[in-house]
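Participant: no FASTA, just this:
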């Protein structure tokens, strides 16, 4: 059972910062590795949105389930997936968390109930509904946290899933990461109702908008939501207002937004803001910050080395895991 | 082996299979549109709502993608859901879930996760339901690695394939042809699970091989009977499984008869018939004494008037004529 209240001591505050920084540094390294052609395919960076995954994950137990999108490095790290296996997956090595078959967009980990890594916008919401349905039918007090972007709100599966979750009172925490752009299409150019949480309310799902750049605000809202869900209150919905600092993917020239807009949001950045606050309150000094950065750098170095030393799956195994191989 | 038999309809056989599965395993539940209080649009699930309650015979909103995806999610969460989709045409609204999720998750997760969901749907023409309720799109599903596709044509298969499909760790799609629901025959009262793998020879014969499945089986058997009257002994293979296909049974038969005709209610272009024909060419070309023949549906959306619907579908006379052409008689 998770605590319903946020207990903000120094240790927890530094943990939040460290978790956000782990995501930030991991992805910065991924971008470099992409230009070095170590990582290929699509690479969608979460930089700027770290507070959401980190804030929400604080409220989940190991038995809870997580369903995420193709911009899921942050969620996987915050969920506790080892950085080594994640980086190996980015490389496509068989030591990766999905044995290299998935890559950046399809991180999976059955052990931590991390159900992807889903790259069809809106397509993962019904899965979250089903996972929660299974928990409810089995009488388990578990929550499924389902992360998606605001672009998903335009898909039919978003509406079908909210209706089903509300109708059947399923234990789903819907977390909308509203970064204002569905790839390059601005929210006001694609939605008649730009307050996504109001769409959820129309399905009688309790919903609220939260400052997605504030890790504490996210954790407080998520704790409240998860507690209500565990108490049998049906689904909850958080619209986290955030911003993606980097391009949609590595192929995106960002012709659709002004540099000034990006800069304005960077100043509101979750890592920057929270770091300043920790310094102001005296919880963190430059030496402490340097220590955290060094620890993360060491973790990253280990992860990159692990991926570099990883091996390629033999081509003879190409058709493996299409179906379950059963012993005769 | 000498169990009692009783007159049973295909519909009753499917219902008994669902009832049996619900009794065997508390993880099994059925969900779909109007499966509960209404009793199923083809009355397959009639009575089950009262017997098992609304949790396990779960009526859904008209949200094919939503509830099919929920079935996939519930399967990953440890349940054994049976998702019923009213017709194959409606399943197109759930294709994202079936093709992008059910079929891929085991692979994408590097073998960590399984999706033991069963998706049942009605298919086929013959009830004058016109162009949005009558199609045979089995070949589309049979195209997809990661799912298994079966088409029970007999009462034994209608009764027996469901449980085996539920025990399978991978997603299984079951096609029930609408013209089979009212078909009755004797079914052993102790009929139970059957394999979902492999084709079955439904009639033995040495002159040519007729390959078919689902709703076309009985037309094909009737054609074989008519051919017998003209001195042509046709062997009839019921594919049963459309993915994977049982190449061995097909090739063994063709090796005996040296001639093959495929009867498939799907449209000819890109059909299962095309796939099977190609496989025969690849694997048994030197056994053939004549080109492989095909009887498929005309390339038209299924029309409403009876005479045009009949004309669009494989019929006994057409099968007989095509079989004669393949045998050179």
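Facilitator: Nice, I can see it. Please read all numbers here as calculations on a predicted model, not as lab measurements. Numbering: from 1, shown residues only, chains lettered A, B, ... in the order given.

Participant: Next, please give the residue ranges for the helices of the stretch 201-328 of chain A.
Facilitator: Here the stretch 201-328 of chain A has its helices, by DSSP state H, counting those that start in this stretch, at A:215-230, A:259-266, A:270-280, A:286-308.

Participant: highest average neighbour count across the ones you listed?
Facilitator: Stretch with highest mean neighbour count among those: helix A:215-230 (a mean of 22; mean count of other CB atoms under 10 Å in any protein chain shown). Any C-beta I mention is one placed from the backbone N, CA and C, and that applies to glycine too.

Participant: give the contact list for the residue lying closest to residue A:268 once chain neighbours are set aside.
Facilitator: Closest residue to residue A:268 apart from its sequence neighbours, by CB to CB, 6 or more residues apart in numbering or on different chains: residue A:213 at 5.0 Å. By CB atoms under 8 Å, 6 or more residues apart in numbering or on different chains, residue A:213 lies in contact with A:48, A:51, A:241, A:242, A:243, A:268, A:269, A:270, A:273.

Participant: let's see it at 6 Å
Facilitator: Counting by CB atoms under 6 Å, 6 or more residues apart in numbering or on different chains, residue A:213 makes contact with A:51, A:268, A:270.

Participant: For it, report the pLDDT, please.
Facilitator: For residue A:213, the model assigns a pLDDT of 98.

Participant: Can you tell me how far it is from chain B?
Facilitator: 31 Å (CB to the nearest CB, to the nearest Å).

Participant: correct me, but residue A:225 touches residue A:235?
Facilitator: No - under the criterion of CB atoms under 6 Å, residue A:225 makes no contact with residue A:235, lying 8.9 Å away.

Participant: Which one, of the helices of the stretch 201-328 of chain A, ends up nearest to residue B:301?
Facilitator: helix A:215-230 (46.2 Å; CB to CB).

Participant: quick one: contacts of that closest one?
Facilitator: Applying CB under 6 Å, 6+ apart, the set of residues contacting helix A:215-230 is A:2, A:4, A:6, A:16, A:51-52, A:54-56, A:58-59, A:141, A:143, A:171, A:173, A:210-211, A:236, A:238, A:270, A:274.

Participant: Strands - which of these land there?
Facilitator: Among the contacts of helix A:215-230, DSSP state E puts A:173, A:210, A:211, A:236, A:238 in strands.

Participant: For these, which entry has the maximal number of neighbours?
Facilitator: Using other CB atoms under 10 Å in any protein chain shown as the neighbour test, the ones in strands among the contacts of helix A:215-230 are led by residue A:238, with 29 neighbours.

Participant: pLDDT weak spots in the chain?
Facilitator: In the absence of a named chain, this looks at chain A. Chain A contains residues with pLDDT under 70 at A:1-4, A:326-328.

Participant: actually chain B
Facilitator: Residues of chain B that meet the criterion pLDDT under 70 lie in B:1-2.

Participant: How about the residues of it by chain A?
Facilitator: Applying CB under 6 Å from any CB of the partner chain, we find that chain B lies next to chain A at B:63, B:65-66, B:69-70, B:72-74, B:77-79, B:96, B:100, B:106-113, B:145-146, B:169-170.

Participant: Are any of those residues buried, and if so which?
Facilitator: Among the residues of chain B next to chain A, the ones that count as buried by 16 or more other CB atoms under 10 Å in any protein chain shown are B:63, B:65-66, B:69-70, B:72-74, B:77, B:79, B:96, B:100, B:106-113, B:146, B:170.

Participant: Helices - which of those land there?
Facilitator: Using DSSP state H, B:65, B:66, B:69, B:70, B:72, B:73, B:74, B:106, B:107, B:108 are the members of those that sit in helices.

Participant: of all those, which two lie farthest apart?
Facilitator: Spatially, the most separated pair among these is B:66 and B:107, at 23.5 Å (CB to CB).

Participant: Phi and psi next, for the nearest residue to residue A:256 once chain neighbours are set aside.
Facilitator: Distance criterion CB to CB, 6+ apart; nearest residue to residue A:256, sequence neighbours excluded, is residue A:184 at 4.0 Å. Backbone geometry at residue A:184, expressed as degrees, to the nearest 10, gives phi -110, psi 10.

Participant: cool, and residue B:263?
Facilitator: Note on residue B:263: its backbone torsions stand at phi -110, psi 120 [degrees, to the nearest 10].

Participant: try residue B:241
Facilitator: Residue torsions, per degrees, to the nearest 10, at residue B:241 are phi -100, psi 130.

Participant: What is the neighbour count of it?
Facilitator: Neighbourhood size, residue B:241 [other CB under 10 Å]: 23.

Participant: can you tell me which residues contact it?
Facilitator: Applying CB under 6 Å, 6+ apart, we find residue B:241 in contact with B:150, B:197.

Participant: Give the bridge partners for it, please.
Facilitator: residue B:150 (DSSP bridges).

Participant: Which residues of the stretch 201-328 of chain A lie near chain B?
Facilitator: So the stretch 201-328 of chain A meets chain B at A:321, A:322, A:323, A:324 (CB under 6 Å from any CB).
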